[in-house]
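A.B. asks: What follows is a predicted structure for the sequence shown.
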Amino acid sequence: MGFPSCRSHVDEGAPADTKVQLLSPPMSTPCIITVAITGSLPRKENNPAVPISVAEQVESTHAAYEAGASLVHLHVRNDDQTPTSNPQRFAEVQAGIARHCPGMIIQFSTGGRSGNGLERGGMLHLGPDMASLTTGSCNFPAMVYMNPPDLILHLAEQMRNHAVKPEIEAFDLSMLYQAVRLAEEGVLPNPLHIQFVFGVKNAMPALRNVLEFQVAELKRLKPDATWAAAGIGRHQLEVNHWTLELGGHCRTGLEDNVRYDATRLAASNAELVARVADLCGKYDRHPASCEEARALLRLRPAA
């Protein structure tokens, strides 16, 4: 599978002369594997492995961490499985992950399905490493994903105030250009980190040439930026392949796809992470350790 993320690469039982070799950095290029464990939509009825409670979310994240994930994207739920932006829930999950997954990058979602208006950023004072930020509005399968300019500015300001790095979730091409503009105006910090999201019905289709164009534009406009890509539903695996080949970072998890393939449900978030970790070697990549991921994203060291 390559090196598990966030674990030491040293075999403590190895002879002294081999430890230096094991400490040598991998020659391949690191890939940050993000695990999106829960989301706002999947329920136990869709896949019993979807983690809902705080304990389930911490346990699922820990298994994904052991499988190679160095970043976790978090939504939280009420006991009845409905989505919420409740800061207390975020605090409990954050504390559990920090305790059981040392060094893992914790990213909160400020997505529109979890709350309304300003409450979407009501947990940012907890100081996660990162938080998602969508820089425009678009259509979703049965709703308009509303991100008006004043809300974008408010969320960006809250992230800046609490030293939280935004991950720009781009569901449409215009969101890339808006992120670049906001960075040039000083609203967003440089270097940018962009997550291109493909396959949401009524939003950006999962087409490789579209990803290639967006990556080229990002490199032209913000050559120091980093990027990742996510494929929703049946597009998850093909987008993982494209991203690894093009040099980006990968996202997987039950939020985006409750199935492993057309024949069965995914057994866990860890199973989906392990598949990406296994793919890395095919493209001369390796799962980034937490330290590598933090360095690539210009994040502060873990507490």
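C.D. replies: Done, it's in.
A.B. asks: alpha carbons only for contacts and neighbour counts from here, please
C.D. replies: Fine.
A.B. asks: show me where pLDDT drops low in the stretch 51-200 of the chain?
C.D. replies: Regions of the stretch 51-200 of the chain meeting the criterion pLDDT under 70 are absent.
A.B. asks: can you pull out the helices in it?
C.D. replies: Ranges of helices within the stretch 51-200 of the chain are 54-67, 87-100, 149-161, 173-184, based on DSSP state H, counting those that start in this stretch.
A.B. asks: Tell me which of those helices approaches Asp278 most closely.
C.D. replies: Shortest distance between Asp278 and the helices of the stretch 51-200 of the chain, using C-alpha to C-alpha, is found for helix 54-67: 9.8 Å.
A.B. asks: Show me how far that closest one is from its chain's centre.
C.D. replies: What separates the centre of helix 54-67 from the centre of its chain is 14 Å, taken as C-alpha atoms, centre = their mean, to the nearest Å.
A.B. asks: how big is the angle separating it from helix 87-100?
C.D. replies: Helix 54-67 and helix 87-100 meet at an angle of 40 degrees, taking axes from the mean of the first three to the mean of the last three C-alpha atoms, to 10 degrees as the criterion.
A.B. asks: list the buried ones in helix 54-67?
C.D. replies: Buried residues in helix 54-67, defined by neighbour count with 16 or more other C-alpha atoms under 10 Å: Val54, Gln57, Val58, Glu59, Ser60, Thr61, His62, Ala63, Ala64, Tyr65, Glu66, Ala67.
A.B. asks: Repeat that for stretch 204-215.
C.D. replies: Met204, Pro205, Ala206, Leu211, Gln214, Val215.
A.B. asks: The stretch 201-303 of the chain: strands as residue ranges?
C.D. replies: With DSSP state E, counting those that start in this stretch, the ranges of strands along the stretch 201-303 of the chain come out as 226-231, 249-252, 259-261, 264-265, 285-287.
A.B. asks: packing partners for the last one?
C.D. replies: Under the contact definition 3 or more C-alpha pairs under 8 Å, 6 or more residues apart in numbering; DSSP states H and E, strand 285-287 sits against strand 29-31, helix 269-280.
A.B. asks: Then the longest one?
C.D. replies: The elements that strand 226-231 packs onto, with contact taken as 3+ C-alpha pairs under 8 Å, 6+ apart, are strand 193-198, helix 236-246, strand 249-252.
A.B. asks: Which of these has the highest mean neighbour count?
C.D. replies: Greatest average neighbour count among the helices and strands packed on strand 226-231 goes to strand 249-252 (a mean of 29), per mean count of other C-alpha atoms under 10 Å.
A.B. asks: For it, which helices and strands make contact with it?
C.D. replies: Contact here means 3+ C-alpha pairs under 8 Å, 6+ apart; on that basis strand 249-252 packs against strand 33-36, strand 226-231, helix 236-246, helix 269-280.
A.B. asks: so how far is Leu192 from Glu184?
C.D. replies: Separation of Glu184 from Leu192 (C-alpha to C-alpha, to the nearest Å): 11 Å.
A.B. asks: do the same with Ser132
C.D. replies: In terms of C-alpha to C-alpha, Ser132 sits 12 Å off from Leu192.
A.B. asks: Find residues that contact each of those two.
C.D. replies: Pro166, Glu167, Ile168 (C-alpha atoms under 8 Å, 6 or more residues apart in numbering).
A.B. asks: Columns distance to Pro83 on top of the residues you listed, output as CSV?
C.D. replies: As requested, the shared contacts of Ser132 and Leu192 are arranged in CSV below (distance: C-alpha to C-alpha, whole Å):
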residue, distance to Pro83
Pro166, 21
Glu167, 20
Ile168, 21
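A.B. asks: Next, format the residues you listed as TSV and append neighbour count.
C.D. replies: Below are the shared contacts of Ser132 and Leu192 laid out as TSV (neighbours: other C-alpha atoms under 10 Å):
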residue	neighbour count
Pro166	25
Glu167	22
Ile168	23
